[in-house]
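Enquirer: task: produce atomic coordinates for the following.
(2 chains)
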Amino acid sequence: MFAFIVRRMFQSIIVLLVVGLVAFSMFRFVGDPIDNMLGQERTQADIDRLRTELGLDQPFVVQYAKFLQGAVQGNFGVSYRQGRPVSTILLERAPATLELAFVSGFLAITMGIALGVFTAIRRQGIAANVIMTVSLIGVSLPTFLIGILLIYIFSVELDLLPSFGRGETVMIGHWSTGFLTASGLKALILPAITLGLYQMTLIMRLVRSEMLEVLRADYVRFARARGLSDRVINFRHALKNTLVPVITITGLQLGSIIAFAIITETVFQWPGVGLLFINAIQFVDIPVMAAYLMLISVMFVTINLIVDLLYYAIDPRLRVDARAT
Amino acid sequence: MSFKTLMLAASATAMIAAGASAETLRWARAGDALTLDPHAQNEGPTSAMAHQIMETLVMRDHSGALVPSLATEWAPSEDNPNVWVFKLREGVTFHDGAEFDSDDVVFSLNRAMTPDSDYKELLASVKEVRAPDKFTVEIETDGPNPIMPNNLTNMFMMDKDWAEANNAVKVQDYEGGEDTFAAKNANGTGPYKLVSREPDVKTVLTANENYWGKDEFPLQVTEIVYTPIQNAATRVAALLSGEVDFIQDVPVQDLERVAGTDGLDVRTAPQNRVIFFGMNMGDADLTSDNVDGKNPLADVRVRQAMSKAINRDAIKQVVMRGQSAPAGMISPPFVNGWDADMDASSSTDIEGAKALMAEAGYPDGFSLTLNCPNDRYINDEAICQAAVGMLAQIGVTVNLDAKPKAQHFPLINNLETDFYMLGWGVPTYDSEYIFNFLVHSKGEKYGSWNGTRYSNPDLDAKIVALASETDLPARDQQIGDIWQVVQDEQLYIPIHHQVLNWGMKSGVGTIVEPEDSPKIKYFEMN
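Expert: Predicted structure coming up:
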């Protein structure tokens, strides 16, 4: 077990280093930050001076090494765009993204499972067919379009919900939360639906097909023959057995909800790390881009590591293999 | 009148009365101020925010005219033509109560001249800033500088003691890795005080009770809530749904929608920005064309033919939906040296253009690459696409290469493009600024945005001489002469002047400021 963890950790670190190296080699293609940082009136001498000051005249391997040196000590540098430490900015922005991801993940799981079970049980019903058809929209429409549609309907036409921002937030220590105010909760609804819709339809379709499979299984037929009630059969026996693949998918999707909140955050002007990243790309804010990409890869590597460890704990065959080698 | 209607009327009156005493303006635009440090970034949204909180010696009102602000009068010194004397306004205090005097001006201008300042080029000719007495400041330049006050309209004044007490003497730098106090806090003399600020999220300002200009300006807005909203569709939706009162950049495709909505207005004015194409005319051969050993753009007839091929009215109607003013020179109309005849000189003439091409030896045309930004100017990429089709009519086959601005502008600076789009605004409202950056040969100090490789030592000498010509009629004459050369040489192909569209609630009373920098103290709320 211990050897397995150490080996996986070692692999994870290599993955991180490679991600960083690839990221740094790509930055030069994003553009040149110097022009955004200096005004229209800059001279050639200013350009050269700032380039040297920021170390942008050095090869990317050297820049990467410098970044790593700082990052190991918890120093991600100073944002070119805001002139403030990247770590401060990331900490400011993280709560917005995490709260949004949490709410949309929660919506996706609960609604996805409920609708999945419903459409599986009432397979022939009109309601189930309507839900299945509508869910196609969730899978096939791009996020930004869904977001703008929701804004158009609920903000512009019905005037019910805000079209942008987080509403009023309350500071708890360093954590700014929108959960405690009415306007904060209202502001969460549209972005959370937009961000979670794809995951919700995915989970719903997965649960539905797994349920249909299980409902055809012999033990369900025998349960019926025993005269158990539908409720017990559907929820105690069938649903439980469908959840194993659902949990795997949900775990992996949680990472992508956080990482790919970028588009939703841009449409709703949600002040999270995704919006920060988009701004950083437009401005060629290398320290912010580097820190964001590293954090996201740390997150994915960690999730994968946990999933692997869970498999190891759940599946006895892996343990047997490990002992054999 | 029933009791109910009476109550309604009473509450309505109460609401109106309350509205008159406290007016909040919810203001949105695409970008946030990058910092509150007034000398760190010379950039539109940043100085627009700073103008609410801080003030300059002289400023431009909403019509673009130079008016007194913290200086009440200014004139060149009678003893020394190299010195400008500014008389300061007395009795002005900063938000923290400190008095504004000449020490603060000396400190602020010196701060703006440090290497980390983004404004140092505008003060490049300044030798020394002196304070002979408490309310007089002298600025000495290294030669007579007739347009010095024009360079000061974005030069904000800070309190010396406040900066020293809060470790904000230095302009924010990227090396230190620490927050500069002045990047997040501000202490100015302006009409609004900073209440709270979350970068990229929300900035709240409230009216300064002790503002010196209380009786001079409408100052009807008592609170400003500024939220950047990046996505154009969301920004318009926020205005339509009444969540904001004023948005600065209405996309052209949404103008009719906003103007057609009850209670909303679109106000329009020409912007201080002209859009044009630049051409590499200096190199012996072009890398992106199909002509060997020759540079077709070196021939003025080819450049003229290309200009004649562009149908600016079609671009205005189709690409800009009417929101542009076709241009004949690369200067916005407010600028000293702008000439109505020159600006009307461009015309579309395909036959004439073909004849010129044949005369120049390219009857079958040639091909080259056009570099174009896709996130900088209004519909920039679409303008380039339209130009590609128009140039094809005279046989010039153009490959369009559209990129984000962060990749486009380095091409111009590194002289890696033969044919490119550029836009230019003139903060000093004087042609010298255009010549310095776009016409003078590219070098260490001048011509840093001149990607044409054009070099004319005679013209360079004339441009440099403008800086110290104090006889204004003679100077205007020289400016006219230089423009004539620029026009005759077809140094650039002007396209159009951009038009600004501000969307707002009908009750918000303001005209559009040509530099896109609203000064809220001029706003009236009805």
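
Enquirer: what is the burial count for the closest residue in space to residue B:292 that isn't next to it in sequence?
Expert: Across the structure, with Cβ to Cβ, 6 or more residues apart in numbering or on different chains as the measure, the residue nearest residue B:292 apart from its sequence neighbours is residue B:285 (7.3 Å). In this view, the C-beta of every residue, glycine as well, is placed from N, C-alpha and C. Counted with other Cβ atoms under 10 Å in any protein chain shown, the burial measure for residue B:285 works out to 14 neighbours.

Enquirer: distance check, residue B:285 against residue B:298.
Expert: When Cβ to Cβ, to the nearest Å is applied, the distance between residue B:285 and residue B:298 equals 10 Å.

Enquirer: repeat for residue B:129
Expert: Applying Cβ to Cβ, one obtains 46 Å for the distance of residue B:129 from residue B:298.

Enquirer: run the chain-centre distance for the helix or strand containing residue A:107.
Expert: Take DSSP states H and E as the rule and residue A:107 turns out to sit in helix A:86-121. Using Cα atoms, centre = their mean, to the nearest Å, we find the averaged C-alpha position of helix A:86-121 to lie 8 Å away from the chain's own average C-alpha position.

Enquirer: with stretch A:35-46 instead?
Expert: In terms of Cα atoms, centre = their mean, the centre of stretch A:35-46 is set 37 Å apart from its chain centre.

Enquirer: now residue B:421: phi and psi?
Expert: The phi and psi values for residue B:421, taken as degrees, to the nearest 10, are phi -100, psi 140.

Enquirer: with adjacent residues omitted, what lies nearest to it?
Expert: By the measure of Cβ to Cβ, 6+ apart, the closest residue to residue B:421 outside its immediate chain neighbours is residue B:372, 4.7 Å from it.

Enquirer: so which strand or helix has that neighbour?
Expert: Using DSSP H and E, the secondary-structure element containing residue B:372 is strand B:366-373.

Enquirer: contacting residues around that strand?
Expert: Strand B:366-373 has contacts (Cβ atoms under 8 Å, 6 or more residues apart in numbering or on different chains) with B:277, B:286, B:288-291, B:296-297, B:380-381, B:383-384, B:387-388, B:395-405, B:408-409, B:411-412, B:417-421.

Enquirer: looking at those, which are in helices?
Expert: Within the contacts of strand B:366-373, residues falling in helices by DSSP state H are B:380-381, B:383-384, B:387-388, B:405, B:408-409, B:411-412.

Enquirer: contact partners for the residue nearest to residue B:292?
Expert: The contact partners of residue B:285, by Cβ under 8 Å, 6+ apart, come to B:291-295.

Enquirer: ok so, going back, in CSV: the ones in helices among the contacts of strand B:366-373, plus pLDDT, neighbour count and distance to chain A.
Expert: Conversion of the ones in helices among the contacts of strand B:366-373 to CSV gives the following (pLDDT from 0 to 100; neighbours: other Cβ atoms under 10 Å in any protein chain shown; distance: Cβ to the nearest Cβ, whole Å):
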residue, pLDDT, neighbour count, distance to chain A
B:380, 92, 20, 14
B:381, 93, 18, 15
B:383, 95, 23, 20
B:384, 96, 24, 18
B:387, 95, 26, 23
B:388, 96, 16, 23
B:405, 84, 19, 8
B:408, 89, 25, 8
B:409, 87, 23, 4
B:411, 89, 18, 10
B:412, 89, 21, 9
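
Enquirer: determine which two of these are furthest apart.
Expert: Of all pairs drawn from the ones in helices among the contacts of strand B:366-373, the greatest distance, 20.7 Å, lies between B:388 and B:409 (Cβ to Cβ).

Enquirer: list the buried residues of the helix or strand hosting residue A:51.
Expert: With elements taken from DSSP H and E, the one containing residue A:51 is helix A:44-54. Going by neighbour count (16 or more other Cβ atoms under 10 Å in any protein chain shown), the buried part of helix A:44-54 is A:46-47, A:49-50, A:54.

Enquirer: so among those, where is pLDDT lowest?
Expert: Lowest in pLDDT among the buried residues of helix A:44-54 is residue A:46, which has 80.

Enquirer: my read: that residue touches residue A:38, true?
Expert: Yes. Assessed by Cβ atoms under 8 Å, residue A:46 is found in contact with residue A:38 at 5.5 Å.

Enquirer: quick check: the two most widely separated of the contacts of residue B:285?
Expert: B:292 and B:295 (10.6 Å).

Enquirer: so these two - more neighbours on which side?
Expert: Between residue B:292 and residue B:295, counted using other Cβ under 10 Å, residue B:295 has the larger neighbour count: 20 against 6.

Enquirer: my guess is that one contacts residue B:279. True?
Expert: No. With contact defined as Cβ under 8 Å, residue B:295 and residue B:279 do not form a contacting pair (9.5 Å).

Enquirer: who in the stretch 201-325 of chain A is up against chain B?
Expert: With Cβ under 8 Å from any Cβ of the partner chain as the criterion, the stretch 201-325 of chain A meets chain B at residues A:266-269, A:271, A:275-276, A:278-279, A:282-284.
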